[in-house]
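Chemist: This is a predicted model, with the sequence first.
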Amino acid sequence: MFRLKVPILNLCSVASIRLKLIERLHHIPSIANLKGVISSIFTSNLLLNELYKSGRISEARQVFEEMPDKDEFSWNTMITAYANIGRLNEARQLFNATPNRTCITWSSLISGYCRYGLEMEALELFWQMQVEGLMPNKYTWGNVLRVCSSFSLLQKGEQLHAHSIKTKFDSDIFVVTGLVDMYAKCNHILEAEFLFEATPDRRNHVLWTAIITGYSQNGDGFRAIKCFRDMRMEGVECNQFTFPSVLTACAAVTSSDFGSQVHGCIVKSGFKVNVFVESSLVDMYAKCGDLRSARKVLETMEVDDVVSWNSMIVGCVRQGFEEEALSFFRRMHEKDMKIDDFTYPSVLNSLSSITDTNSAKSIHCLIIKTGFQGYHHVNNALVDMYAKKQNLGCAFKVFNTMKDKDVISWTSLVTGYAHNGSHEEALKIFCEMRINGISPDQFIISSILSACAEVTVLELGQQVHGNFIKAGFKSSLSVDNSLVAMYAKCGCIEDANKVFDSMEIRNVVTWTALIVGYAQNGKGKKSIKFYEEMIESGIKPDFITFIGLLFACSHAGLVETGRKYFYSMDTIYGIKPGLAHYACMVDLLGRSGKLDEANEILSTMVEKPDATLWKALLAACRKHKNLDLGVKAAKNLFELEPTNAVPYVLLSNLYSSNGKWEEAAKIRRLMKSRGVTKDPGKSWIEMNGKVHTFMSEDRIHLRTNEIYSKVDEMMILIKAAGYVPDTNFALHDTDEEGKEIALMFHSEKLAVAFGFIVVPLGASIRVFKNLRICGDCHDFMKFVSGVFHRHIILRDSNCFHHFREGTCSCGEYW
């Protein structure tokens with residue numbers, strides 16, 4: 001590396017002196033015994049170099065200090081020694097004291113700064129050396145370009161590129177390779193490609209490897225593979241760095257066939273036993289789903305490489321072989337391999353989808369025992385694992401022990417709560433995350449929008465949507481799908497449609513969200529229109545699509561259309577109808593009055609009908625006052641769900657609507673004797689971030705007097721317009737006046753009255769109800785919307801009702 005300023009000696013003499021020094025060094029334990037060796041600057045430099053190379057830096061420094069005369073080799077050797085082991089302050093002190101700085105002196109210190117991540121100091125020295133009149137050599141250029149690559153310093157790299165042209169270093173293949181690598185790692189692959197193409201006659205294996213790696217790292221696996229082919233055609237030999245890059249590209253495009261051909265080249269080239277190459281082979285086969293080949297490579301490796309085993313575990317998890325992944329982990333443990341912080345997250349991921357809770361706890365204990373409980377992504381994986389196993393208590397406990405929580409930590413917890421039905425808690429945690437200054441990513445936004453949809457929190461959903469746009473995130477299929485579902489489930493079907501229209505990519509989830517959305521918003525025919533468009537676009541429906549489609553037919557009274565779609569499931573798409581589809585068919589037939597046919601479906605089913613099916617039949621019997629069939633459905637429900645209040649209430653209401661007040665009272669007494677309690681009907685309206693809740697004949701609201709006065713006012717005006725209270729929905733045997741009063745202050749009427757008081761004119765009044773709206777309230781809403789010319793959106797337990805100008809979107813199918 002360095003040139004000695006000494007008279008030219010016979011090469012044999014130099015070698016002889018060097019051997020004697022090495023021999024003496026191996027037998028002399030300390031510097032005190034070396035004083036006799038230091039006789040000339042030449043031998044001193046040799047001794048200095050040998051001490052540096054053998055890692056005895058402190059002794060080298062003593063020799064250096066005791067040297068009567070020092071030349072540039074002496075100074076450069078000590079600077080290099082300190083720089084290479086990261087003692088940069090001492091290297092800099094010697095650098096500052098050097099009487100005659102050469103290009104090698106500057107390069108040694110620059111190299112040290114680059115190696116230990118002090119990129120700004122390295123670049124500052126690079127420019128400073130030129131100010132002092134010294135030109136960098138190609139190795140100096142290599143170091144500074146490498147630091148720009150490592151830290152993605154594109155602007156600095158571009159400045160260096162311009163300077164290389166000015167100083168005519170742009171023709172040096174070593175510098176060109178550094179520039180190609182820099183642009184590729186800064187995600188400017190076109191510039192890297194231009195430089196590569198501009199040097200057709202001087203491409204060596206290093207330059208080819210740089211461009212192949214660049215394509216691979218920039219997600220263009222096919223170009224990387226093509227480049228590898230071209231390299232082979234030009235007869236350029238590959239090395240241990242070329243093969244892993246092209247294997248990464250094969251994995252990215254799942255081309256195991258080409259990967260196998262590369263494997264053949266590796267064997268022929270003699271790199272089969274290179275651990276780095278073998279590890280890349282295992283990773284490639286595992287990511288391509290060829291676990292058999294991956295395992296074969298793994299088991300023939302001479303060295304138990306933890307990276308290779310990690311790749312195997314990840315491959316098993318991705319292919320759904322969780323038990324096999326766990327088995328590989330156990331073997332790693334048995335082999336006493338050095339398990340790292342990448343192993344544990346993969347294993348924890350495998351535990352997320354299996355019911356083995358003991359293994360989960362054992363691995364958690366092992367994490368603590370091996371000291372990995374402080375590793376950030378291990379803790380994130382623990383939170384995610386416990387959340388997916390529905391153990392939210394443990395997930396929250398691990399989360400709380402984390403000192404530094406990033407967006408992944410919060411996402412794992414929020415998603416866990418949302419997927420386990422704790423939507424309100426998920427929203428609270430999300431708000432806490434924002435208070436803590438953590439910016440959301442696309443994954444948590446998708447989850448939080450889904451939670452907003454489930455609890456119909458429109459205002460928060462709109463805020464999240466606005467923040468998503470403001471943050472400048474790229475369009476995401478999962479976020480867009482969640483937005484469609486959120487707006488649809490919050491009754492803003494037009495906004496859902498706008499998001500749908502803006503999407504460049506749509507999948508079956510997108511179409512299904514819109515189909516279900518239109519169905520829930522009382523526009524079944526629109527649902528069918530979108531279904532037909534989906535089929536024309538080439539996307540096949542799935543299990544969930546047909547639930548939405550049959551729901552749409554049920555709520556639009558399209559009996560024949562519903563039958564057609566139901567039978568097409570198996571005959572055209574090979575989807576066996578599930579209980580949910582049968583429930584939709586029973587509901588469809590029941591709503592249209594075809595109760596005997598609905599009952600026949602229940603009787604001829606291969607699978608035993610569940611509670612949902614009998615509820616659908618009982619609700620239809622309630623609507624059409626079919627007492628005999630209703631009693632049969634209720635009895636089945638009493639057996640299936642003895643503590644559920646719904647069948648008792650529906651049967652009691654059925655008796656009441658048929659004028660059998662004593663039987664209705666008996667059912668209520670039976671319900672009370674069995675300790676079954678009914679969820680009280682309640683309605684709520686959100687205003688300025690606050691939820692106002694009402695119950696029937698409720699008088700606890702601060703503005704009760706205004707609300708009741710508004711109900712009286714509305715009743716007077718709509719009765720004048722033709723409204724007649726439907727006392728069939730009064731549940732107590734009283735006179736007509738008593739029944740009217742009982743109906744007058746149902747929770748949804750009180751909520752709408754409050755909406756008239758607080759919601760500005762021209763804005764929609766949004767009311768939510770936990771139970772199905774009764775027939776009288778439905779008529780009330782229609783008249784109110786017509787007389788007062790207000791848009792009322794009411795979401796009950798079954799669907800949305802959009803009341804406009806005296807009509808409802810449900811078309812009386814609700």
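Modeler: Good, I have the coordinates.

Chemist: for the residue lying closest to His364 once chain neighbours are set aside, what are its contacts?
Modeler: Excluding its sequence neighbours, the residue lying closest to His364 (Cβ to Cβ, 6 or more residues apart in numbering) is Leu382, at 6.5 Å. Glycine gets a C-beta too; all of them are placed from N, C-alpha and C. Listed by Cβ atoms under 8 Å, 6 or more residues apart in numbering, the contact partners of Leu382 are Leu348, His364, Ile367, Ala395, Val398.

Chemist: Looks like the last one contacts Met385 (just checking).
Modeler: No - no contact is recorded between Val398 and Met385 when judged using Cβ atoms under 8 Å, the distance being 9.1 Å.

Chemist: ok, these two, which is more surrounded?
Modeler: Met385 (27 against 24; other Cβ atoms under 10 Å).

Chemist: That one looks like it's in a strand, true?
Modeler: No - counting by DSSP: H, G, I helix; E, B strand; the rest coil, Met385 is not part of a strand but helix.

Chemist: any idea how far it is from Val407?
Modeler: Met385 sits at a distance of 18 Å from Val407 (criterion: Cβ to Cβ, to the nearest Å).

Chemist: Isn't Ser450 up against Leu483?
Modeler: No - at 10.0 Å, Ser450 and Leu483 do not qualify as touching, with contact defined as Cβ under 8 Å.

Chemist: what's the closest non-adjacent residue to Val455?
Modeler: His423 (4.8 Å).

Chemist: More neighbours: Ser450 and Leu483, which one.
Modeler: Higher neighbour count among Ser450 and Leu483: Leu483, with 29 against 22, using other Cβ under 10 Å.

Chemist: Tell me who's in contact with the more buried one.
Modeler: Counted by Cβ under 8 Å, 6+ apart, Leu483 has contacts Leu449, His465, Ala496, Val499.

Chemist: Then Val273?
Modeler: Residues near Val273 by Cβ under 8 Å, 6+ apart: Glu302.

Chemist: switch to 10 Å and redo it
Modeler: Residues in contact with Val273 (Cβ atoms under 10 Å, 6 or more residues apart in numbering) are Ile266, Thr300, Met301, Glu302, Val303.

Chemist: ok, now Arg506?
Modeler: By Cβ under 10 Å, 6+ apart, the neighbours of Arg506 are Leu477, Asp480, Asn481, Val484, Phe500, Ala513, Leu514, Met534, Ser537, Ile539.

Chemist: mind checking which helix or strand of the chain has the lowest mean pLDDT?
Modeler: The weakest-scoring helix or strand in the chain, judged by mean pLDDT, DSSP states H and E, is helix 11-27 (a mean of 47).

Chemist: And the following helix or strand past it, how far out from the chain middle?
Modeler: For helix 11-27, the succeeding helix or strand toward the C-terminus, using DSSP states H and E, is helix 41-53. The chain centroid and the centroid of helix 41-53 are separated by 57 Å, computed with Cα atoms, centre = their mean, to the nearest Å.

Chemist: for stretch 671-687, same thing?
Modeler: Relative to its chain's centre, stretch 671-687 lies at 38 Å (Cα atoms, centre = their mean).

Chemist: Can you list the buried residues in that stretch?
Modeler: In terms of neighbour count (16 or more other Cβ atoms under 10 Å), stretch 671-687 has its buried residues at Met671, Val676, Gly681, Lys682, Ser683, Trp684, Ile685, Glu686.

Chemist: Wait, a helix at the last one?
Modeler: No - assessed by three-state DSSP, Glu686 does not belong to a helix; its assignment is strand.

Chemist: ok, so what distance separates it from Asp610?
Modeler: Separation of Glu686 from Asp610 (Cβ to Cβ) stands at 34 Å.

Chemist: Repeat that for the third one.
Modeler: Counting by Cβ to Cβ, the separation of Gly681 from Asp610 is 25 Å.

Chemist: Check the second one too.
Modeler: Taking Cβ to Cβ as the measure, Val676 and Asp610 are separated by 19 Å.

Chemist: what sits against Ser673?
Modeler: Listed by Cβ under 10 Å, 6+ apart, the contact set of Ser673 is empty.

Chemist: so what's the residue nearest to Gly416 when sequence neighbours are not counted up against?
Modeler: Closest residue to Gly416 apart from its sequence neighbours, by Cβ to Cβ, 6+ apart: Ala387 at 2.3 Å. Contacts for Ala387 (Cβ under 10 Å, 6+ apart) come out as 352, 394-396, 398-399, 412-420.

Chemist: one step back: just the buried residues from the contacts of Val273, in ChimeraX please.
Modeler: Remark: buried members of the contacts of Val273, expressed as a ChimeraX selection using 16+ other Cβ under 10 Å:
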select :266,301
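
Chemist: Which of the contacts of Val273 sits closest to Val649?
Modeler: Distance to Val649 across these (Cβ to Cβ) is lowest for Met301, with 67.4 Å.

Chemist: Make sure that closest one is actually in contact with Ser280.
Modeler: No - the pair Met301 / Ser280 is not scored as a contact, 11.9 Å apart, by Cβ atoms under 10 Å.

Chemist: Show me the contacts of Leu382 that map onto strands.
Modeler: Residues of these located in strands (DSSP state E): none.

Chemist: just the strands in the stretch 701-814 of the chain please.
Modeler: 765-769, 792-795, 800-804, 807-808 (DSSP state E, counting those that start in this stretch).

Chemist: can I get the ones you listed in CSV with mean neighbour count?
Modeler: Shown next, in CSV, are the strands of the stretch 701-814 of the chain (neighbours: other Cβ atoms under 10 Å):
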stretch, mean neighbour count
strand 765-769, 24
strand 792-795, 23
strand 800-804, 23
strand 807-808, 18
